[in-house]
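S.K.: Let's see this in three dimensions:
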Amino acid sequence: MQIDWKKNPLVPAIAQEAESGEVLMLAYMNEEAYRLTLETGYAHYFSRSKQRVWKKGESSGHTQKVLDLLLDCDADTILLKVKQKGVACHTGRKSCFFTSVTQGKTVSEPEVDTAKLYGVVDTLYHTILERKASSGEKSWTKKLLDDKELLLSKIREEADELAVAIDRESDEQVIYEAADLLYHALVGLGARELSPDRVKQELARRFGMSGIEEKESRNKD
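M.R.: Take a look at the predicted model:
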């Protein structure tokens, strides 16, 4: 039995702890991620937000060693029996399934400091997405997400304040204003559900190019 990648370019992939049977996460695989998983013995997925293949644990070190890979009866869903190193969820929890609807509460707490694992930018971005998904959330982030014009005006305001700080204020003020602008930029990315990883990819694409070369490459697209 083989996956029909032309019919199903992305298929769901469920990761389950082989020893305990605990369901850890749901992600997606394309043909490349599937091939890399089989070749390396470690779980690879395709990130819809990052728009690229990634190895589970590539930044955190919390990898998934694949002990078995099974297909369902229609060959359009994958079940991975894995040995999880560390935690599976980007929130720092062992499993991504930690919110009980019937109990109306969170049933597990983070086991690790996600800022140390993924860096403060990625952690902040995921926090922004959590604020976005929460209907009862009351915060400045949620207010920005719910008011597009306010968000756009704050991005413009913070960009101008950073420019002023760079021109005539102290190093500490420049850092403060840069942090403000980065935060509001991340909220903007969250509003569009564009992972900051895609910005990193764009910077990597430009690396080594002169400014003129980079602009010319954009004009050719």
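S.K.: Could you use CA atoms for every contact and neighbour count after this?
M.R.: OK.
S.K.: For Lys50, give its distance to Glu193.
M.R.: Separation of Lys50 from Glu193 (Cα to Cα, to the nearest Å): 10 Å.
S.K.: How about Glu32?
M.R.: In terms of Cα to Cα, Glu32 sits 24 Å off from Glu193.
S.K.: the more surrounded of those two?
M.R.: Glu193 (17 against 14; other Cα atoms under 10 Å).
S.K.: Which residue, neighbours along the chain excluded, lies closest to the more buried one?
M.R.: Leaving aside its sequence neighbours, Glu193 sits nearest to Ser49 (Cα to Cα, 6 or more residues apart in numbering; 7.0 Å).
S.K.: what does the model give Ala191 for pLDDT?
M.R.: If you check Ala191, the pLDDT there is 97.
S.K.: shift numbering so it begins at 537
M.R.: Noted, 537 is the first residue going forward, which turns the last one into Ala727.
S.K.: Could you grab the helix/strand/coil label for the residue nearest to it when sequence neighbours are not counted?
M.R.: Computed as Cα to Cα, 6+ apart, the closest residue to Ala727 that is not its neighbour in sequence is Leu681, at 6.0 Å. Three-state assignment for Leu681 (DSSP: H, G, I helix; E, B strand; the rest coil): helix.
S.K.: what number of residues lie near Thr642?
M.R.: A count of neighbours around Thr642, defined by other Cα under 10 Å, yields 11.
S.K.: Tell me which residue of this structure is furthest from the middle?
M.R.: Arg704 (36.2 Å; Cα atoms, centre = their mean).
S.K.: How much space separates it from Glu697?
M.R.: The value you get for Arg704 to Glu697, if Cα to Cα is used, is 11 Å.
S.K.: For stretch 608-615, buried residues please.
M.R.: Asp612, Thr613, Ile614, Leu615 (16 or more other Cα atoms under 10 Å).
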